[in-house]
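1. got a structure for you, letters missing:
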C-alpha cells in the first residue's frame, strides 16, 4: 500500500499550493521538491483561487498569520473544496494566542479539510472547537505520547477524527494518524528533530504532496508521509552523529534523505502499526 | 570579456536592492554575497526609493507579490530609472494567475528594465505584453529548449529583446541571453538544479550584481552571470554525487561554488556560444 | 560567570519572541534552537502581546520592516516592559533610510530596551537619537574598530550606554559590550562571517535567549552571547577551510557549532577582556 503511495507521488509530481509562514517556507518548498512534489507559494487574495485551481493540494499553515493572509486562506480553502482538491491544515501555535486559536476554529468551520496535522497540544486545541455544531472532544490525554499512554492517545485521535470528519495526524515522540476507523501508530523519527525549526511545517507540506497524488487513500497517504519524514529524520540523525556535525547539518541531511527515500527504503525502514 | 566582468563584480562589491519573494529571499541574499555583491532587501513604499538610490542595481521578483509590494516595486523601479540604475525583472509565475501576469505587464509598461530573466513559459507570457504599444511576439516556440529547436528559440528571444528593448535571459535546460543583436547560448548547468527551489530567483539577483558592476555591457554581464550560475550547478551536482548526498546539500554546494568561482574558473568551465 | 550564563540558557530553554525580517528569520529560529533556546515568530498586532507574555525575551529587528509590523513592535515592546521581560533591539539598516532611522528612534523612545545590538554605523545612528530628551552622543569614532581605535571606541559605547540607559553591543571586526560602567572587548569571530547574511540578526536573537535566561546579569549575558557567536564563527571558518568548502557551508557550520558550544568550550575559546 505505502509503496504504491510513494510511487504515485514520484510519478505525478503533485503541485502543492502553500499559504504558509515566512519562517520555514523555504524548507517547505525544498522538501516538497525533495519528496517528488512541486511547490507554489501565493498568499494574495486576488490570486489564491487561481493558484489553488492549478494544484493537486492546498496546504494552510497558520504560523505568522496576519489579517490579510487569513482571508486568503479561507478563500483558497473554499475554492479547493469546490474543486475537490484536498486541503491540509497545520494549526501552528493554536492555543498560544486567541488569534491563532480563533483562526484555526474559523478555518475548520468554513473549510472542509482532508487532514489536520499538529503536535498534541495544538491538536487538543483543535479538538475544543465546536466545528460542525458538535461540542469539543475531551482532551485529558497527556501532551507527550509514549508507550504508556498510546492506547488512550489513539482513542482520542480516533474520536477527534470522527467528530471533525477529517484525518487527524498527531506528531511527536510517537505519531498517530487516524481516519476515525483505521489508525496508524508510527514509531519512526528521532528526538533531535525538535532541535531544528520547521519539521512540523515540512511534514504538513509533504502530506499535501502525498494526498494530492493519492486522493482516494488520504489516511494512508498521510501515514506514509509521516513515516517518510520520520525515517528521513532517523537517517539524518545517524549521519549527523557519524560526521560529528550539529543541528544545521541535521536539517540538510533530513531534506537530503527525503530526496533519496523511495518505496523500497520506506518499506524497509518504516515502523508502522495498523490498529483497526 | 567575461573575465573582466567577473573581476568588476569582485572589485566593486555592488550593493543590490531586492524586492523579492519570502520563499527564496535568504538564498538570494547569501548568493549575492557569495558572488561578490552585497544584498539589501526592503519593500516598504516609504523607503524603497531611498534604498534604491544607494544601490548599484534593483532586482524586482514577483514571487509572493501582494498589493502592497507591487506599488513599492513600481516606485523603486521609477526611481532607479531616474538615476540610471539597472533594473532586473524576474516575472516568477507569470501566466499562473491574472495578478502575476498583469503585474508583469504593468511593470514592463511603467519601468524601463535592463534585463528580464525567466523560464521559457514565463518569458512567453512576457512576450504577449503590448508594452510600448507593440503587439506581442509570436511564441510558438516550445517550452523546452533543446539542440533541436535552439535556432528557433534564439530567434524568438532576439525578437522579443528587440520588441521590448531589454536584454532577455531565458533559462532552462539550455540558456539564451540576447540584446536583440548579439545572442549568447549557454550550455552550463545540470537538470538536478530543478530539484531545489530558487535557482531562478538566485540567478536573477546575481544578474543584478553583475549588471550593477558592468553598466556599459549589460548583455555580456547577464550572460556571464548565467554562465557562473550554471557552472556552480554543474560543480555542485558532481560533489553531490561524489558525496552520495541529496538535494539540500546540492543547494549548499551551489552557493559554495558561487563563492569560489573566479575569472579563471569561469573561463575554463564556461560553455558560451556567441551568435551574431 | 560566563559558564553560569550558558548553563542557565541550556537548563531553562528560554522561549524568545522575534518580530523580525523575512530574510534571515529561518536562521534566527534555527540558531535559537541550536543555542538552547526556543523561537516563536509572530507579528500580527492582534497577537503580539499574548505571544510576548508567554516568552522570556522579545527581540525586535527592523530589517524589512513595514508600517504594519512597526505598530506590532511598539505594542509588543510595551507589553514586555509592563511584564519586565527583556527587550532587545537590532536597528538593521538604521541610517540607510528615513523610515528605518525614524523607526529606531521611535522604538527607543517608546520602549525600554535591555540591549541594543548593531554594527558601528547602525549604533552611531542610534546614538544620534535624543531618546529620553538627551542630545545625541558624539560619534566621531571610525566605522571600523581595530586595536588602533579600541580605547576611543569603548569610550564611545560606554557613553552611549549611559545616555540611553541600555546595554550597547557593537559588533564587527572587534566587539564591544558595555552597560555604561563595565565594558567587554571580545576578540572572537572571523572576517569571513561577513560573507553570510544574518550573522548580526542571529546574534541578536541569541542575545535574546541569553538575556531571557539571565535577567539579573544582562550585560554579561549579552557579552557571553557575542562571544559564543564569535567562537562558532571561528570554528566554522576553520572547518570550511579544512573541507575546502564555501560560504553556504560556513553558515551551516556556524549553526552546527552553536549547537555544540557548552560552558567548557566557551571558557576555553572565549577571548574576552573586561574593562572597568
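-> It's in. For clarity, every value in this text was computed on a predicted model and none was experimentally measured.

2. residues in contact with the residue nearest the centre of chain A?
-> Computing the C-alpha centroid of chain A and ranking residues by Cα atoms, centre = their mean puts residue A:204 first, at 2.6 Å. Neighbouring residues of residue A:204 by Cβ atoms under 8 Å, 6 or more residues apart in numbering or on different chains: A:28, A:59, A:61, A:88, A:89, A:90, A:117. Every residue, glycine included, has its C-beta placed from N, CA and C.

3. now with 7 Å?
-> Going by Cβ atoms under 7 Å, 6 or more residues apart in numbering or on different chains, residue A:204 touches A:59, A:61, A:88, A:90, A:117.

4. make a markdown table from the residues you listed and add distance to residue C:9 to it.
-> Formatted as a markdown table, those follow (distance: Cβ to Cβ, whole Å):
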| residue | distance to residue C:9 |
| --- | --- |
| A:59 | 34 |
| A:61 | 29 |
| A:88 | 35 |
| A:90 | 29 |
| A:117 | 30 |
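
5. re earlier: chain B versus the residue nearest to the centre of chain A, what's the distance?
-> 16 Å (Cβ to the nearest Cβ, to the nearest Å).

6. residue A:161 now?
-> Residue A:161 is 32 Å from chain B, by Cβ to the nearest Cβ.

7. residue A:62 contacts residue A:101, doesn't it?
-> No. Using Cβ atoms under 7 Å, residue A:62 is not in contact with residue A:101; the gap is 9.7 Å.

8. between these two, which is the more surrounded one?
-> Using other Cβ atoms under 10 Å in any protein chain shown as the criterion, residue A:62 and residue A:101 rank with residue A:62 on top: 24 against 21.

9. near chain C, which residues of the stretch 101-250 of chain A show up?
-> A:195, A:196, A:197, A:245, A:246, A:247, A:248, A:249 (Cβ under 7 Å from any Cβ of the partner chain).

10. right, and the helix or strand after the helix or strand where the last one lies?
-> In other words, residue A:249. For residue A:249, the element it lies in under DSSP states H and E is helix A:247-258. Remark: after helix A:247-258, the chain's next helix or strand is helix A:263-269, criterion DSSP H and E.

11. any buried residues in the helix or strand following that next one, and which?
-> Sequence-wise, the next helix or strand downstream of helix A:263-269 (DSSP H and E) is strand A:272-275. Neighbour counts over strand A:272-275 (16 or more other Cβ atoms under 10 Å in any protein chain shown) mark residue A:272 as buried.

12. next: stretch A:205-222.
-> Using 16+ other Cβ under 10 Å as the test for burial, stretch A:205-222 gives A:205-215, A:217-222.

13. any idea how far residue A:8 is from chain C?
-> For residue A:8, the distance to chain C - Cβ to the nearest Cβ - is 30 Å.

14. quick one: pLDDT of the nearest residue to that residue once chain neighbours are set aside?
-> Excluding the flanking residues, the one nearest residue A:8 by Cβ to Cβ, 6 or more residues apart in numbering or on different chains is residue A:213, at 4.3 Å. At residue A:213, the pLDDT value in this model is 98.

15. show me the contacts for residue A:213.
-> A:8, A:9, A:12, A:14, A:56.

16. touching, the first one and residue A:214? I think so.
-> Yes. Checked against Cβ under 7 Å, the pair residue A:8 and residue A:214 is within contact range at 5.3 Å.

17. list the buried ones in stretch A:58-76?
-> A:58-66, A:69-70, A:72-76.
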